[in-house]
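Peer 1: need a 3D model of the sequence below.
(2 chains)
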Amino acid sequence: MSNLIVMPMALPVLFGIILLFLRPYVKVQRGLSLLVFVANIGISAYVLHLIQQNGVLRLDFGGWEPPFGILFVADSFSMLLVLAASIVAAVCLIYSFSSVEPSFEKNFYYSFVLFLIAGVNGSFLTGDIFNLFVCFEIMLLASYVLIVFGGKKRQLRESIKYVIVNVVSSWIFLVAIAYIYGSVGTLNMAHIAERVAENGQTATLTVVSIVFLTVFALKAGLFLYFWLPGSYSVPITPVAAMFGALLTKVGIYAMFRMFTLIFYHEPQMTHTIIGILAGLTLIGGSIGAVAYKDLRLVASYNVVIAVGFILVGLAVATPAAIEGSIYYLIHDIIIKASLFLLVGTMIAVTGQTKMDEISGLIKNHPLLGWLFFLTTLSLAGIPPLSGFIGKVLVGEGAVEGGAYVLLALAFISSIFVLYSLMRIFLTSFWGETIISKDEEAPAKKGWSVAMCILALGTIALGLGAESMSVYVQDAAETLLNPQIYIDAVLGEN
Amino acid sequence: MKINNIILRTVAKLVFFIILTLAVYLFFAGHNSPGGGFSGGLVLASALVLLFIVYDIETIQKGLPIDFKLVAAFGAFLSVGTGFGALVFGANFLTQAFDYFDIPFFGEIELTTVTIFEAGVALAVVGVVVTILLSISEDE
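Peer 2: Alright, predicted model coming up:
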């Protein structure tokens, strides 16, 4: 029992509510919300450390023991993601301070950012499948509000699609939960895992697992990503960065949890389907990334490629591949936030959204240019930046597992990533400077601070891969040995 | 257009209190039998909605000058606050406590912290329902 585990979700909820009362005091709102995220970074780092000593931690709400009560379970995998999410949230918040209009700030912007992060962290931590649904909904409700901040026609159009897609997928999620409750009679994830393992994964359960896969594929943008580029390219910059960095990752997390903890008995069925979908996602994302000239769409298609790449690791499911996926997941949370912030800043500075309408940006914004270059290299997986280690491990896993087609697709997609972003770098940053400094909207200091933190993050993650490996290995071990998780939840305190 | 709805107004005045009584009953029945903060809150909100429909919005807002958004926020704060309250006593998050007290006139009754939690839920429901209704009516 440790009440610390609930804090990454409970603190944002509590302060999100308190901020509702502090509507006119924008400065207080900023300070409190930043404080919450900084506290969360500290708490999650500490809990991560605690897990290495004491094993997987759990917290039974209200003292109701599992499998009867709802509980939060913190293993290294969840905690690493919570840590990365808290860092990105804090950075996006710093960026928000100097980019969000005061009218938004007075209309509960910070409250909804806090609720969004509460939902994201709750989804990572919960050990109950219905609670997972609830946390998804908290996250989605907050995102419905955040996506329309600005109220432009384009935003309203895309947000209607976004809301409909998510309401439908939430409904399928609910149906899937009803199916699993009907077939195994419990909602506690560890208890479901135990019962599925005892009775064998029957054909019915495999079908249920595919229903779950459909839901999470919709949420994560695995093959069913048709809604993603549109919705992720319309919100204001810091919100787009949080969406791009975090929302699909929650779907990916849920897929990892479901298909390593519960439905891992029929890999030739479920994991093959995941593999095929991941391959198709890589192909579709790569085509999208080079097809568009709109900067935000290119960034959004890069999110799609990353989803495919991470799930290659799950499809192969060897220890190396899972470890690689975890590295890549953390890397991608940080680097996608960075990419969206950079692209948003380019658009804010020049007022143009197409790459061929921007040229020679590096003359007036050298820092922006080099940060973009760094992000490009990191996304492509050039050592010593953070994308490298994940790509190598996933590749190694794919070779071990004999999934050569996926291996080829994964690495060809990296070339597409590199090409799509280099194209932006060459056309928009190099060349003749069209816009003089006076005609541009002034860049603010807070923007470069936020982006520099993320750039340092990707360098640190790349160079510090060695020191991270303790946690990542532990996370991979828990994922590959579901019994560790089950014992932690259903065993004695 | 002024509608002559004297019957509706007279009945509403009476029914308002019946609905309130039902709301209070449902609220207190909550933690042991069907009812609770959510249904109690909905019934309470329906009483307010009845007033808003029978009289016009301005009249009611003059009599009840409350920002219902803040009511919802306060309710949510109360509920989450009881979760945090458990931490002060070193118990798990959201732990509820109850005990029996002898109170003059009423005799022995059970007092629980879950009632505070439910009160929060009820306020949140009332606040949200009335806010939704008022936003829709403003949307012309």
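Peer 1: surely residue A:306 is in contact with residue A:333?
Peer 2: No - assessed by Cβ atoms under 8 Å, residue A:306 is found out of contact with residue A:333, at 9.7 Å. In this view, the C-beta of every residue, glycine as well, is placed from N, C-alpha and C.
Peer 1: ok, these two, which is more surrounded?
Peer 2: A direct count of neighbours by other Cβ atoms under 10 Å in any protein chain shown for residue A:306 and residue A:333 places residue A:306 higher, at 30 against 24.
Peer 1: for the more buried one, which non-adjacent residue is spatially closest?
Peer 2: Residue nearest to residue A:306 in three dimensions, not counting chain neighbours: residue A:332, with 4.7 Å by Cβ to Cβ, 6 or more residues apart in numbering or on different chains.
Peer 1: and the helix or strand where residue A:458 lies, what does it pack against?
Peer 2: According to DSSP states H and E, residue A:458 maps onto helix A:445-463. Contacts defined by 3 or more Cβ pairs under 8 Å, 6 or more residues apart in numbering or on different chains; DSSP states H and E place helix A:445-463 against helix A:76-99, helix A:319-350, helix A:366-380, helix A:387-401.
Peer 1: could you export the ones you listed as JSON lines, including mean pLDDT and distance to residue A:435?
Peer 2: JSON lines is the format used below for those (pLDDT from 0 to 100; distance: least, Cβ to Cβ, whole Å):
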{"stretch": "helix A:76-99", "mean pLDDT": "94", "distance to residue A:435": "19"}
{"stretch": "helix A:319-350", "mean pLDDT": "93", "distance to residue A:435": "6"}
{"stretch": "helix A:366-380", "mean pLDDT": "92", "distance to residue A:435": "13"}
{"stretch": "helix A:387-401", "mean pLDDT": "92", "distance to residue A:435": "31"}
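Peer 1: and those helices as JSON lines, adding distance to residue A:282?
Peer 2: Listed next are the helices and strands packed on helix A:445-463 as JSON lines, based on distance: least, Cβ to Cβ, whole Å:
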{"stretch": "helix A:76-99", "distance to residue A:282": "22"}
{"stretch": "helix A:319-350", "distance to residue A:282": "13"}
{"stretch": "helix A:366-380", "distance to residue A:282": "14"}
{"stretch": "helix A:387-401", "distance to residue A:282": "12"}
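Peer 1: relative to residue A:160, which of those is closest?
Peer 2: Nearest to residue A:160, of all these, is helix A:319-350, at 21.9 Å by Cβ to Cβ.
Peer 1: and the closest one, which residues are buried?
Peer 2: For helix A:319-350, burial by neighbour count (16 or more other Cβ atoms under 10 Å in any protein chain shown) applies to A:319-350.
Peer 1: for chain A, what's its nearest residue on chain B.
Peer 2: As assessed by Cβ to the nearest Cβ, chain A sits closest to residue B:73 within chain B, at 3.8 Å.
Peer 1: what is the burial count for the residue nearest to residue A:100 when sequence neighbours are not counted?
Peer 2: Once flanking residues are discounted, residue A:100 sits nearest to residue A:109: 5.9 Å by Cβ to Cβ, 6+ apart. Per other Cβ under 10 Å, the neighbour tally for residue A:109 reads 26.
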